[in-house]
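Asks: Make a model of this:
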Amino acid sequence: MVLQIERYYAALDEASDRATSGAEGLRLLVDALFTEDTDRHWRMWFEYWNAGEHHPDQAFARGQDRRYATWHQQIRTLAERGVADGEFSCDDLDGFTVRFAALADGLALQRLRQAPPLTTEHARRHMNHFVETELRARPRP
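Replies: Below you'll find the model as predicted:
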């Protein structure tokens, strides 16, 4: 399970590293989070966190903490890049990062449970709207 989680996030890292801007990186990230193929990942993600609650080995919990810290850093780095490049304006990048991760997790759970029904397209739309609103995205020339 841990290996699959790490592979998934390594692919997200590679995609965001190839982005030509922070805005593009966040769009690529959102697109990668919600596809028809990511339901398997999200099931495993939630099982991974549940396992941490019951796992007796503290090293497992520390690994989870590192994974989440790395995930947060990836989100924040893309947002910082967009601010530095003048694509975004944001006074609270830490808050944006926490809310981005929380919304992604919440939408993924809603998508898996289909309560209420949620398509990948709608999940992406919610995430992209959140990014544009939170980061006060500036219009492209």
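Asks: for the helix or strand where residue 69 lies, which positions count as buried?
Replies: Using DSSP states H and E, residue 69 sits in helix 58-84. Buried residues in helix 58-84, counting neighbours by 16 or more other Cβ atoms under 10 Å, are found at 63-64, 67, 71, 74-83. Glycine gets a C-beta too; all of them are placed from N, C-alpha and C.
Asks: continuing past that helix, what's the next helix or strand?
Replies: Next in sequence after helix 58-84, counting helices and strands by DSSP H and E, comes helix 93-113.
Asks: Give me the contacts around that next one.
Replies: Applying Cβ atoms under 8 Å, 6 or more residues apart in numbering, the contact partners of helix 93-113 are 33-34, 38-39, 42-43, 45-46, 68, 71-72, 75-76, 79-80, 83, 90, 116, 118-120, 123, 126-127, 130-131, 134-135.
Asks: need the contact list for the nearest residue to residue 30 once chain neighbours are set aside.
Replies: Sequence neighbours aside, residue 127 is the residue nearest to residue 30 in space, at 4.4 Å (criterion: Cβ to Cβ, 6 or more residues apart in numbering). Residues near residue 127 by Cβ under 8 Å, 6+ apart: 30, 33, 34, 100, 103, 104, 107.
Asks: neighbours around residue 26, how many?
Replies: 26 (other Cβ atoms under 10 Å).
Asks: how close does residue 77 get to residue 47?
Replies: Here the criterion is Cβ to Cβ, to the nearest Å. By it, residue 77 lies 27 Å from residue 47.
Asks: next one: residue 133
Replies: Between residue 133 and residue 47 the computed distance is 31 Å (Cβ to Cβ).
Asks: which ones are touching residue 80?
Replies: Applying Cβ under 8 Å, 6+ apart to residue 80 gives the contacts 22, 93.
Asks: Please shift the residue numbers so they start at 31 in all later answers.
Replies: Noted, 31 is the first residue going forward, which turns the last one into residue 110.
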